[in-house]
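Engineer: Sequence and predicted structure are below.
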Amino acid sequence: MLFGSLFKGDQGITIGKRRKRKLTARDVIDRLNGFDFTAANCTLIRDHLGNDKIEDYGQVDVFRLRDEEVFALENTFCITTPTGMKLKTDIGGDLGAIVSAVETAPGALTDDPFDEFEDEGEGEGGEQEEDEAADHSESSRPEGNVDEAQEEPPLDETDEEDEEDEEDEELTPISAGAADAAETQEEMLGLGQVIRLRFFFRRVPYELDCQIVDRFNPNRIKGDIDLTPRFGVGYRVKPLTDVRNRDKRRYIRYTHRMGFGHLRVRNEIQFHVFAHRTDIEIPERGALKPVITYDDFKKIPFGSPTVEELKGAEKLEDVVEFFMRCMVNIPTERCYVYISKGYFDAVRRKSSLVGLGPYATVGAQQTTILPKIFVKKPMKGKTVLEKMLAEKGKGPRDTHKMRIVEDIQDRYSLLTRELKVWQARRRQKKVENFDNDMCQVSFASSYGTTPQDIYPMRVFNLNCELIDVGLENLTLKPLFFEDARARDVSEREFIRQEDGFPVDLLNFSVGGAEFRGAEEEAQHKAFLNYLGGEGFEDLSFEEQVDALRKHAVLLYFYPVLTFTRSQIQDYEPYLPGRIPVIARVARFRTALNADTQQPQIVSLGLEFIYNPVQDAYSRDLNVYDQWEQITPYTENTQFIEIHKSLQLLFGFDRALNEDLREDQTKEKKTGSENDESNTSSNGSETS
């Protein structure tokens, strides 16, 4: 029931506009030929008992006849065995609370960037129009089991003989070809299970629900049939629904820039966003890779990470002086740095970048420059370590719980060499690392910028060593970078700056965001030219749209949190200093040019497609070197936390307004009663 609103069309198939009829399985397979259906991402959505079960199995290939059309076998088509990645989600249970069903009218480039974008040649795939009202009503129906679904099959068979044959096939156990597969019983797809196939056609996502009918081995087919792929075993699947366009909005959008959303802007959560063009090509047809690595793509930076003010700096005092100048240009409520720590899990042999939260800076106005930086400890009970211990360290302290507590302490604490020795003595264990903890300090400042610059705000990253822990302050010593980039440059780098294109975030959601280059037209054109590549300005409008949709974009979100009111501090989300995500261009907001009367792109709507694997952080590259595909059931954990926090903030304001209205009503009622009593007393005195 949790994902019931996502499984639409299992009871019937909507065809045409405002009319409904049932299709045969053969009709759906014929439609797939029009989509050039060759590969798809496979997700198990229901087991053979009818229970919802979300598991991503990776990519499958579709058996095709002479590589021209989908190979149809008795009202079914055949797919290869999934890649077996079985990516289980950790946050699927939270999806029901964040999915917002929003109906959008299909149409090409319109004023709303999140309207349906369809290609002109969609007729090749058959009829694609869908009755949104009927589809929405079907989503409210409870999901039944497979047996109930078979009582009213969504697809009519061609004749009674085919129905009888298919019933016999469904009662037949898995063929002997299953023994040929190198799968365990736990990882196999079994009879009666329902899967969802997701694929691209002309860079627009589509999906199709199917049921596993039998195992398939192409070597057992009699006759000379030219199949592609020629080797491997797989499954015969029966379509349960029609091919559906899923390039639609499903989440609540939060306004980041006034005038670009129906919700009011929340100053508590803001972002600095930078975009990087990549060479990741969105497939024209087929499926995205379930997992990509750092070596699979490269980003094309817009600027340079080198800080010109520190070029050739050798003294630490010069680095600290630049840092202090940046802090002076920041408002008092945002005069803080975000500290992160690289953590290596010796048991799992995995590295991750752990966010330790914001730390206020100390001594920004000092006249004497020292070769070290001072930051103030958070208040008691406000540190990330204390919050994690309060959340996960509850219950009896047995051996298992103590291991969890020790792991949290090692992961979320900054310690010097002396503190590590004392901690090891308390645990009665050996000291594994005698070095002071290293950390990354990130901060943003407008220092060194002018109104004419493309960068309205500069984001910096500083590598430091913890040298002292006092009662109230931490002492950090700046260090130069010693990673892969440092080996390629001749000069030592103490501070690096963000080298992406700074974009103007208009609104965002859990699954995507809307951007523009800037409010100024010249800077916005520079942003489009950067994403579109060389010669973008000379292209026609349709060619510009294709160029922008061709490649993925790497986005870096830098959160700016301002929870100064004491009443809402409990609603502050735990976020890292930087949220990376890979997105594709999915929507366009257009307007007519006053001079040429031609449409021009005024903003872009991007959909998130890849999340970084949190325990795949490369300390040598200072980036995440592994990314996993975002499915409808695995969303970005950071944006889910942001969504929860914003919902709590809106709810708090509504409750506060209701209390104020009740107090005002009581005051008016009390005042009117006092007036009536005074009037009656005056009348009695007169008489």
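Structural biologist: Okay, I see it.

Engineer: Tell me where the chain is predicted with low confidence.
Structural biologist: 1-21, 84-188, 248-249, 393, 395, 671-687 (pLDDT under 70).

Engineer: all helices of it, in order?
Structural biologist: 25-34, 95-98, 132-139, 146-151, 160-171, 316-328, 384-392, 399-411, 417-427, 521-532, 541-550, 637-686 (DSSP state H).

Engineer: In terms of residue numbering, what are the domains of this protein?
Structural biologist: If you go by automatic domain parsing, the domain ranges for the chain are 23-87+128-245, 251-302+500-659, 311-498.

Engineer: Just put those domains in CSV and tack on mean neighbour count and distance to K669.
Structural biologist: Glycine gets a C-beta too; all of them are placed from N, C-alpha and C. Converted to CSV, these look like this (neighbours: other CB atoms under 10 Å; distance: least, CB to CB, whole Å):
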stretch, mean neighbour count, distance to K669
domain 23-87+128-245, 17, 43
domain 251-302+500-659, 17, 16
domain 311-498, 15, 40
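
Engineer: and the nearest residue to E317 once chain neighbours are set aside, how far is that from K315?
Structural biologist: In space, and not counting its chain neighbours, E317 is closest to I369: 4.8 Å by CB to CB, 6 or more residues apart in numbering. Using CB to CB, to the nearest Å, we find I369 at a distance of 10 Å from K315.

Engineer: Find the nearest non-adjacent residue to Q626, please.
Structural biologist: In space, Q626 is closest to A616, 3.6 Å off (CB to CB, 6+ apart).

Engineer: Which strand residues bridge that neighbour?
Structural biologist: Counting by DSSP bridges, A616 forms beta bridges with S351.

Engineer: tell me the contacts of the residue nearest to E317?
Structural biologist: The contact partners of I369, by CB atoms under 8 Å, 6 or more residues apart in numbering, come to 317, 320-321, 324.

Engineer: Looking at these, which two lie furthest apart in space?
Structural biologist: Farthest-apart pair in the contacts of I369 is E317 and M324; separation 10.3 Å (CB to CB).

Engineer: before we move on, back to that, any chance of the helices of the chain in JSON lines, with distance to K299 too?
Structural biologist: As requested, these are exported to JSON lines (distance: least, CB to CB, whole Å):
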{"stretch": "helix 25-34", "distance to K299": "35"}
{"stretch": "helix 95-98", "distance to K299": "29"}
{"stretch": "helix 132-139", "distance to K299": "38"}
{"stretch": "helix 146-151", "distance to K299": "45"}
{"stretch": "helix 160-171", "distance to K299": "49"}
{"stretch": "helix 316-328", "distance to K299": "25"}
{"stretch": "helix 384-392", "distance to K299": "29"}
{"stretch": "helix 399-411", "distance to K299": "29"}
{"stretch": "helix 417-427", "distance to K299": "37"}
{"stretch": "helix 521-532", "distance to K299": "12"}
{"stretch": "helix 541-550", "distance to K299": "15"}
{"stretch": "helix 637-686", "distance to K299": "20"}
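
Engineer: Which of those sits closest to P502?
Structural biologist: helix 521-532 (8.9 Å).

Engineer: Quick one: list the elements packing against the closest one.
Structural biologist: strand 269-281, strand 501-508, helix 541-550, strand 599-612 (3 or more CB pairs under 8 Å, 6 or more residues apart in numbering; DSSP states H and E).

Engineer: Specify the angle between that helix and helix 541-550 in degrees.
Structural biologist: In terms of direction (axes from the mean of the first three to the mean of the last three CA atoms, to 10 degrees), helix 521-532 departs from helix 541-550 by 60 degrees.

Engineer: Wait, T564 touches P331, no?
Structural biologist: No: T564 is beyond contact range of P331, at 11.0 Å (criterion: CB atoms under 8 Å).

Engineer: Any chance you could list residues touching both of these two?
Structural biologist: Common neighbours of T564 and P331 are not found (criterion: CB under 8 Å, 6+ apart).

Engineer: picking that back up, relative to T670, which of the domains of the chain is closest?
Structural biologist: The nearest among the domains of the chain, by CB to CB, is domain 251-302+500-659 at 16.3 Å.

Engineer: List phi and psi for the closest residue to K420 other than its chain neighbours.
Structural biologist: With sequence-adjacent residues excluded and distances taken as CB to CB, 6+ apart, K420 is closest to V431, at 5.7 Å. The phi and psi torsions at V431 (degrees, to the nearest 10) take the values phi -80, psi 120.

Engineer: any idea how far V421 is from V431?
Structural biologist: 6 Å.

Engineer: ditto for N461
Structural biologist: Counting by CB to CB - N461 and V421 are separated by 30 Å.

Engineer: got it, and N41?
Structural biologist: Per CB to CB, N41 is found 50 Å from V421.

Engineer: And for P378?
Structural biologist: 24 Å.

Engineer: again with G312
Structural biologist: 39 Å.

Engineer: All the strands of the stretch 201-350 of the chain, in order from the start?
Structural biologist: Using DSSP state E, counting those that start in this stretch, the strands found in the stretch 201-350 of the chain span residues 204-216, 227-228, 234-239, 244-245, 254-255, 269-281, 285-286, 291-293, 299-300, 336-345, 350-362.

Engineer: Please tabulate these in TSV, including the columns distance to T416.
Structural biologist: Listed next are the strands of the stretch 201-350 of the chain as TSV, based on distance: least, CB to CB, whole Å:
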stretch	distance to T416
strand 204-216	51
strand 227-228	62
strand 234-239	58
strand 244-245	57
strand 254-255	41
strand 269-281	32
strand 285-286	53
strand 291-293	35
strand 299-300	36
strand 336-345	13
strand 350-362	15
